[in-house]
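> Give the three-dimensional model of this entry:
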Amino acid sequence: MHNPNASHHSIEPDGHHACSYCAHVEALVGGIVPEWAHNLELALKIARLGSSDLAHGFAELADTLESLHSEDTTRALQEESLSRLRQEVAQIIVTMQFHDRLEQILEQVTVDVARFVGEIELARHRLAAGEVTPLPDLEAWLKRLTSSYTTDEQRARAGNGQDCGDTPGITYF
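Predicted coordinates for the structure are as follows:
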């Protein structure tokens, strides 16, 4: 069976290339794990920012609703409060999009970790069965991983290797 993620490197079951195999696996881990780590850091940054904004938005919403129930509120103040309420609800909706982006990033990392574990398990079983074991290619692996990116922050970093700032942006869906 041909593995499209395999490089031209492989290990023979007799262990002849065991050192080469270990070095290759070490290079894979060294190349893939930092990418996972960056995505997890990005997810945490999004979670922290989103949680703070969401809490603030709900507090503002509660204050606005409270002001609508006051007996001293004039019609003009009620209309102003309703306008502010609409704005606060819109901000809460935008903030909730942080959660969606967070889920996307965490799912990508989770899927890729599972794929990596599966490749290592497959290689172990092939070696135990006495089969030649193809080795995944780091460049192809990272290309596949980065092609699954859905956020601007991920794509920007994948394109130039740089983080794109402290504050992830939000775009309405």
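
> what's downstream of the lowest-mean-pLDDT helix or strand in the chain, the next helix or strand?
Averaged element by element with mean pLDDT, DSSP states H and E, the chain has its least confident helix or strand at strand 6-11 (a mean of 52). Sequence-wise, the next helix or strand downstream of strand 6-11 (DSSP states H and E) is helix 18-68.

> who does that next one touch, helix- and strand-wise?
When contacts are defined as 3 or more C-beta pairs under 8 Å, 6 or more residues apart in numbering; DSSP states H and E, helix 18-68 packs onto strand 6-11, helix 75-128, strand 133-136, helix 138-147, helix 152-160. Quick note: C-beta positions are derived from backbone N, CA and C, even for glycine.

> And the average pLDDT for the third one is what?
Read that as strand 133-136. Here strand 133-136 scores 79 as its mean pLDDT.

> Equivalent analysis for the second one, please.
The predicted model gives helix 75-128 an average pLDDT of 83.

> Okay, angle between that helix and helix 18-68 too, please.
Put simply, helix 75-128 runs at 160 degrees to helix 18-68, going by axes from the mean of the first three to the mean of the last three C-alpha atoms, to 10 degrees.

> tell me the contacts of the spatially most central residue of the chain?
Centroid check for the chain by C-alpha atoms, centre = their mean gives Ile105 as the closest residue, at 1.7 Å. Listed by C-beta atoms under 8 Å, 6 or more residues apart in numbering, the contact set of Ile105 reads Asn39, Leu40, Leu42, Ala43, Ile46, Thr150, Thr151, Gln154.

> repeat for Ala43
By C-beta under 8 Å, 6+ apart, the contact list for Ala43 reads Leu102, Ile105, Leu106, Val109.
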